[in-house]
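**Student:** Here is the input, now give the coordinates:
(chains A, B and C)
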Amino acid sequence: MAIKFASASLGVTRDLLRSSPAFRTGGVILAILLVLGALSFVAPYGQGDRRVVPVDRPPSLQYIFGTTSLGQDVFWLTTYAIRNSLVIAGLAVIISRSIGVLMGSFAGYLGGGLDRTLSGFTDTFIVIPRLPLLILISFMIRGALNIVWLGVLLGLLDWAWPSKRYRSQVLTLREEEFTKTATFAGMGTLKIILREHLPFLIPFLLADAVSGFLYAIGMEVTLSVLGLSDLGSPTIGTMIYWAGYYQALLARRFWWLGAPIITSVLLVVSMYLISISLGRYLDPRTRLKSMAARSAA
Amino acid sequence: MIAPPATPVTNVAEVRDLRAYYVTETSNVQRTVRAVDGISLQIQEGEAYGIAGESGCGKSTLLKVLLGMVTPPLSIVGGSVHYRVDDRDVDILALSESERRAMRWSVVSYIPQGSMHVLNPVRKIRDTFRDFIAAHKPTWVRQTDEHVRGYLNDLGLPERVLGAYPHHLSGGMRQRVTIALATILSPRLILADEPTTALDVVVQRGVIQLLEDIRARTRSTLVLVTHDMGVHANLANRVLVLYAGQVMEEADTLTLFEQPLHPYTQYLINSLPKLDERAERVSIPGRPPALDHAPSGCRFHPRCPYAMEVCKTVVPPLMEVRPGHRVACHLVNPPNGSAAHAVG
Amino acid sequence: MPSAETFKALLRVQDLTREFVSRRGLSTRHLVAVDRANLTISADQHEILTIAGESGSGKTTLARMMLGLVEPTSGHMLFKDRDVSHITGGANRKWFRRQVQPVFQDPFATFNPLRRIDSYLYETVGNYGVAPRKTADEPIERALNAVGLSLREVKGRYPSELSGGQLQRVSIARALITDPSLLVADEPVSMLDASLRMSVVNLFRELKARQSVIYITHDLATAYYASDRVAIMLRGWIVELGPVQKVLGEPKHPYTQLLKTSVLEPDPRQKSTERVSLATSDEGSFVRVGCRFADRCPHVMDICRSVEPPDVPVDGRLVKCHLYESQSSTEEAAEAAAPLVASAT
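**Tutor:** Alright, predicted model coming up:
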């Protein structure tokens, strides 16, 4: 089962690399970033180490991205930042979209009282102002807030809007004839949602995952810049915070600020390119067309 | 090799050995769909000409080409389409887009499939007519309302539909209004694409009535494209039978239904259930081919009970076996040139 | 062959009604899609009952009620003598669905284009416990053979790889896997090409050996060809019900007569020259008192505009028309509405 999935993914990747320039570009950028993130595991310094290199050196052959006012190597710091930010955003997206898909699908498919209850609950969540709430929570538990918890927290606050959108998609899918066929074939609600409807939701899910990613990264940066997250761990946001704290901009130490900003831009752009090309590829309509083309050839 | 019709009549339109293919590329796989693959026909002035065929026979593509609506991935690979306009032969495919547009609605008009949804839902019928006339016949603009009312009266449609919105009208009435809209400029040639599909039985009868009334009144030529043989039996003078992009048979309606010569036509006619008959009806084995890899030779040979060796390799030529009756079949026209003999 | 269970009727529909309420601003509109329908499918003999009508007649809503997809607003439906008008509980629903299976109109919409088509067959076998996983192929092969296909042809294929006719056969095969007593087929051939249509219709004729079929259609020719009895529906009413040769052969109700003359026969010698007049809008006839055909009926009388016509037995069938009033006795009424005792072909 796992082998089938792995080989299928490999096939998909190969296909996409061949056919989509967007995927190639995005893939290359993301691959570079992932490699950088992976490099963090072999970094000569620990995450929280300070004063291990001379302070405030501009980029040079020895320190490729320069150094910070705290005596950290910006290059290795960036690798840690990439890793941690990906962990936070990844957790947030997985949690929020899982809840969102399940809540939205059940509400949309079952309808009636359950739908009303779930939708009411969802609407309440949507209305909550998230940033102030996050600020409050992180202020209160600042001591215990580490990377993982931040990711979980962000995830738990981001499922509401997506769940509404999945609900509306499922509302349409529910009326499809094949849903009725599945019912008469004896399939239960969960099975129908997962096997009949989910494949149609996937392209949307991918695009939605990107927006989830953006939200998580943006929130993390916002919180960090306000000084409210785990400042001891390097993330894109905390790098910006510390750079600001030490007035890197005024002192024209652009390398310290530049690294996290450019990294975040590259991360977002690459994710976007990959998601649209993957979404287009997995879109049932193009899949059907290419299935028809392949069966004819 | 196409034999010309025996009696000289005015042809309003002529299609000569038309080949129109769709070429698409998806996921690096190129696909050529030979939708129209060598069709020749002549449409005589004032007749009701039926084009019969099932899904995948190429009739929709043929319609598009007749209207000059040829955009990629559709392309004309060979042949031509000529209209007789004011004693001149006009090749519609050689015209520019604006010239083609000028021909549409005044020389050739088109009743699309699913006509019911063609009317603008937020405009009253009267306004839709006004917009249409202003766009295609500006000389009428001042007397538009009179013209429209007069035309509707002639057709037996109630005037009060003018003040209504499309959703106030029944499906059948919308269809008939669309037909009135498409024919108000008295085009010489009316192309109706599946005019009765998805309509109720009684409404179908009404639509057929309307088309017949229009034809009688304006002496225009009607081309009916539909898979419904009942429509052809009740309205068409002559019928062309298409299969997989090629012509199988063409004859006047009575002959086609009573003495079909091509095995496909025979099967088709014999499989149709008639009211008042419960005798066993047999349908054709197999299914229509996909047009991107159609069978070689005669396209019907995989399903034909009389298929011979030559049918698998040689495309049977369309030949006139009797005046006004053309058939493309090796059984009817043996390839060694001996006299044609009737089958079935 | 009828099973060992004994029950009085396979399906009994009593005064079944479905009303739709729509609110537009301050006004409320009641649309009675199915108005007190009465039908019985016999326990002793399999039959094909056609429910014929135009759009808006209520035939689709009636079919959906029979399948349990829609609940009636009033009236009862009894299947094998059990009241199934409002089914609650998974076990009950499963019991019902095992025995009443659908065939839908559009074969391409019936199956999820992203799933392999045999997965539906295996699902049905597994979910209804028809056979254990190891031997699941057997009932599937049997069902496919019954429709003229084989598992080899179908295994691993996606819907796009099959033709409409083949897909529809697979759809029927899937419905047959649980060996249902009743098939409800909603316009099963209207989306198929003419050359493929008859083979599927013939298939229904053959299936009559093991199950009864309710066949919904607007195509009178296939109805005549395939069915034993026919019910003609108009705006929620069943206006004529009886053996198909009588109802379509010599229709008594003016609406049935109109339908018959309107049919475009594929026979140039039988070109009908009778002209029909069409309604301008659909709405009026739903709310009118009296007979719903009054505005189009050539034999309309005063009483038709104010009093709803009774169901009158005439010549072995039931006709909902004032023209034939004052002819009945209760025995005749029962006989006319009843399923055929001996199937006449």
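**Student:** For the stretch 51-200 of chain C, which segments count as helices?
**Tutor:** Per DSSP state H, counting those that start in this stretch, the stretch 51-200 of chain C carries helices over the ranges C:59-67, C:90-99, C:107-110, C:117-127, C:137-146, C:151-154, C:164-176, C:194-207.
**Student:** other SSEs contacting the last one?
**Tutor:** What it means is helix C:194-207. Secondary structure elements in contact with helix C:194-207, counted by 3 or more C-beta pairs under 8 Å, 6 or more residues apart in numbering or on different chains; DSSP states H and E, are helix B:263-271, helix C:164-176, strand C:212-217, helix C:220-226. (Glycine included, C-beta is placed from N, CA and C.)
**Student:** Of all the ones you listed, which one comes closest to chain A?
**Tutor:** helix C:164-176 (6.7 Å; C-beta to the nearest C-beta).
**Student:** which strands and helices sit next to the closest one?
**Tutor:** Counting contacts by 3+ C-beta pairs under 8 Å, 6+ apart, helix C:164-176 is packed against helix A:177-184, strand C:100-103, helix C:107-110, helix C:117-127, helix C:137-146, helix C:151-154, strand C:182-186, helix C:194-207.
**Student:** one more time with 6 Å
**Tutor:** Packed against helix C:164-176 by the contact rule (3 or more C-beta pairs under 6 Å, 6 or more residues apart in numbering or on different chains; DSSP states H and E) you find strand C:100-103, helix C:107-110, helix C:117-127, helix C:137-146.
**Student:** what's that helix in contact with?
**Tutor:** B:287, C:101, C:103, C:107, C:110, C:117, C:120-121, C:124, C:143-144, C:146-147, C:149, C:159, C:183, C:192, C:196, C:200 (C-beta atoms under 6 Å, 6 or more residues apart in numbering or on different chains).
**Student:** what helix or strand is the residue of the stretch 101-250 of chain B found nearest chain C on?
**Tutor:** Closest to chain C within the stretch 101-250 of chain B is B:G230: 3.3 Å, counting by C-beta to the nearest C-beta. Per DSSP states H and E: B:G230 is located in helix B:229-235.
**Student:** Could you save the helices of the stretch 51-200 of chain C as CSV and add columns showing mean pLDDT and mean neighbour count?
**Tutor:** Below are the helices of the stretch 51-200 of chain C laid out as CSV (pLDDT from 0 to 100; neighbours: other C-beta atoms under 10 Å in any protein chain shown):
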stretch, mean pLDDT, mean neighbour count
helix C:59-67, 93, 24
helix C:90-99, 90, 15
helix C:107-110, 91, 20
helix C:117-127, 93, 21
helix C:137-146, 92, 18
helix C:151-154, 90, 15
helix C:164-176, 92, 25
helix C:194-207, 86, 21
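**Student:** looking at those helices, which is closest to B:G324?
**Tutor:** helix C:194-207 (24.2 Å; C-beta to C-beta).
**Student:** Domain-wise, how is chain C divided?
**Tutor:** C:9-227, C:254-345 (automatic domain parsing).
**Student:** Let me know whether my guess that B:V36 is in a strand holds.
**Tutor:** Yes - remark: B:V36 belongs to a strand, assigned using DSSP: H, G, I helix; E, B strand; the rest coil.
**Student:** count of neighbours near it?
**Tutor:** 29 (other C-beta atoms under 10 Å in any protein chain shown).
**Student:** Likewise for C:R23?
**Tutor:** C:R23, neighbours per other C-beta under 10 Å, totals 8.
**Student:** Would you check how far apart it and chain A are?
**Tutor:** According to C-beta to the nearest C-beta, to the nearest Å, C:R23 stands 18 Å off from chain A.
**Student:** nearest residue to that residue other than its sequence neighbours?
**Tutor:** C:R29 (7.7 Å; C-beta to C-beta, 6 or more residues apart in numbering or on different chains).
**Student:** Now the one you found. Its backbone dihedrals?
**Tutor:** The phi/psi pair for C:R29 (degrees, to the nearest 10) reads phi -110, psi 130.
**Student:** I figured it hits C:S22, correct?
**Tutor:** Yes - under the criterion of C-beta atoms under 6 Å, C:R29 makes contact with C:S22 at 4.9 Å.
**Student:** give the contact list for the residue of the stretch 101-250 of chain B closest to chain C.
**Tutor:** B:G230 neighbours (C-beta under 6 Å, 6+ apart): C:264-266.
**Student:** Let me know which of the helices of the stretch 51-200 of chain C is the nearest to A:I137.
**Tutor:** helix C:90-99 (41.7 Å).
**Student:** Contacts for the closest one next, please.
**Tutor:** A:184, C:68, C:84, C:87, C:128, C:178, C:180-181.
**Student:** ok, B:R176 - how many residues close by?
**Tutor:** 26.
**Student:** What is the end-to-end distance of stretch A:51-65?
**Tutor:** Separation of the first and last residues of stretch A:51-65 by C-alpha to C-alpha, to the nearest Å is 16 Å.
**Student:** got the contacts of helix C:90-99 as JSON lines, with pLDDT, neighbour count and distance to B:S186 columns?
**Tutor:** Below are these laid out as JSON lines (pLDDT from 0 to 100; neighbours: other C-beta atoms under 10 Å in any protein chain shown; distance: C-beta to C-beta, whole Å):
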{"residue": "A:F184", "pLDDT": "94", "neighbour count": "26", "distance to B:S186": "53"}
{"residue": "C:G68", "pLDDT": "91", "neighbour count": "22", "distance to B:S186": "54"}
{"residue": "C:V84", "pLDDT": "90", "neighbour count": "20", "distance to B:S186": "59"}
{"residue": "C:I87", "pLDDT": "87", "neighbour count": "19", "distance to B:S186": "60"}
{"residue": "C:Y128", "pLDDT": "92", "neighbour count": "18", "distance to B:S186": "63"}
{"residue": "C:T178", "pLDDT": "93", "neighbour count": "24", "distance to B:S186": "60"}
{"residue": "C:P180", "pLDDT": "93", "neighbour count": "20", "distance to B:S186": "57"}
{"residue": "C:S181", "pLDDT": "93", "neighbour count": "22", "distance to B:S186": "59"}
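**Student:** Adding distance to chain B, write those residues out as CSV.
**Tutor:** Putting the contacts of helix C:90-99 into CSV (distance: C-beta to the nearest C-beta, whole Å) gives the following:
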residue, distance to chain B
A:F184, 26
C:G68, 27
C:V84, 31
C:I87, 33
C:Y128, 31
C:T178, 28
C:P180, 25
C:S181, 25
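**Student:** A:L10: how many residues sit nearby?
**Tutor:** Going by other C-beta under 10 Å, the residues that sit close to A:L10 add up to 10.
**Student:** how about the nearest residue to the residue in the stretch 201-345 of chain C that chain B sits nearest to, chain neighbours excluded?
**Tutor:** The stretch 201-345 of chain C approaches chain B most closely through C:L264 (3.3 Å), counting by C-beta to the nearest C-beta. Leaving aside its chain neighbours, C:L264 sits nearest to B:G230 (3.3 Å; criterion: C-beta to C-beta, 6+ apart).
**Student:** how near is that neighbour to B:E277?
**Tutor:** According to C-beta to C-beta, to the nearest Å, B:G230 and B:E277 sit 14 Å apart.
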